[in-house]
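Undergrad: Have a look at this fold, sequence not included:
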């Protein structure tokens with residue numbers, strides 16, 4: 001966190017601020033007044049500012065905060081794009097997402113699931129769904145597991161940037177629920193194992209973002 005500080009002038013008693021050296025071009029006044037004006041007075045050791053200037057530095061009286069809700073789901077519709085590749089993993093992620101939607105009161109008829117061959121194909125479908133105007137959020141589920149070649153890096157990077165672009169281009173939240181793991185064990189742990197279910201976590205994010213955009217960001 002960046003920290004910024006300024007240097008405050010050393011304030012001395014008014015009696016000690018007498019100008020005695022005219023050769024230095026100092027103010028030929030018996031007292032040096034800091035920013036003196038008709039609305040300012042030097043009093044003792046400090047400076048008294050006018051009420052008008054002090055009001056300029058007053059804190060805001062009413063700062064508004066907006067959050068999405070995971071309870072107010074009425075009228076919200078969700079699309080889920082699921083990659084078929086590594087289906088053993090993506091099925092578990094999908095089930096975790098569906099369980100969360102059900103627990104939070106999202107009706108089954110308000111959820112549509114779209115299957116694509118792999119994670120690389122997720123973004124184009126997500127963007128089309130976002131632009132359709134039928135859904136308040138698109139949840140993207142996939143699993144990319146590192147192999148012996150650099151194919152993993154290409155797919156994982158393209159999926160991540162593609163889902164981001166889908167959301168920006170459509171104006172609808174597109175939630176990244178694609179696992180990018182070094183091995184199958186990591187993927188299993190994140191698809192309902194000891195590390196939880198990332199599909200379920202992504203579903204909570206989808207509900208909150210859909211609520212925020214629908215209820216507070218419609219201009």
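TA: Yep, that arrived. The structure displayed is predicted, hence computed values, not measured ones. Numbers count the residues shown, from 1 in each chain.
Undergrad: The nearest residue to residue 118 once chain neighbours are set aside: neighbouring residues, count only.
TA: Among residues not flanking residue 118 along the chain, residue 85 sits closest, at 3.9 Å (C-beta to C-beta, 6 or more residues apart in numbering). C-beta here means a position set from N, CA and C on the backbone, and glycine is covered the same way. By the criterion of other C-beta atoms under 10 Å, residue 85 has 17 neighbours.
Undergrad: Near the nearest residue to residue 215 once chain neighbours are set aside, how many residues? Count them for me, please.
TA: Among residues not flanking residue 215 along the chain, residue 72 sits closest, at 7.1 Å (C-beta to C-beta, 6+ apart). Residue 72: 15 surrounding residues under other C-beta under 10 Å.
Undergrad: now residue 70
TA: 18.
Undergrad: quick one: it from residue 166, how far?
TA: Using C-beta to C-beta, to the nearest Å, residue 70 is found at 23 Å from residue 166.
Undergrad: for residue 187, same thing?
TA: Taken as C-beta to C-beta, the span from residue 187 to residue 166 is 23 Å.
Undergrad: Residue 175 too?
TA: 10 Å.
Undergrad: what is in contact with these two at once?
TA: Common contact partners of residue 175 and residue 166 (C-beta atoms under 8 Å, 6 or more residues apart in numbering): 138, 140.
Undergrad: residues touching residue 179, list them.
TA: Taking C-beta under 8 Å, 6+ apart as the test, what residue 179 contacts is 89, 93, 142-145, 186-187, 190-191, 198.
Undergrad: Any regions of the protein where pLDDT drops low?
TA: Residue ranges of the chain with pLDDT under 70: 1-60.
Undergrad: residue ranges for the helices of the protein, please.
TA: Applying DSSP state H to the chain gives helices spanning 51-56, 87-103, 122-131, 151-170, 184-189, 198-216.
Undergrad: Summarise which helices and strands the second one is packed against.
TA: In other words, helix 87-103. On a contact count with 3 or more C-beta pairs under 8 Å, 6 or more residues apart in numbering; DSSP states H and E, helix 87-103 meets strand 78-83, strand 111-116, strand 137-145, strand 174-181, helix 184-189, strand 191-193, strand 196-197, helix 198-216.
Undergrad: Tell me which of these is the most buried.
TA: strand 137-145 (a mean of 28; mean count of other C-beta atoms under 10 Å).
Undergrad: Run me through the strand neighbours of that strand, direction for each.
TA: strand 78-83 (parallel), strand 174-181 (parallel) (DSSP bridges).
Undergrad: Throw the ones you listed into a markdown table and include distance to residue 217, thanks.
TA: Listed next are the strands paired with strand 137-145 as a markdown table, based on distance: least, C-beta to C-beta, whole Å:
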| stretch | distance to residue 217 |
| --- | --- |
| strand 78-83 | 17 |
| strand 174-181 | 15 |
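Undergrad: Can you say which of those is nearest to residue 103?
TA: strand 78-83 (13.7 Å; C-beta to C-beta).
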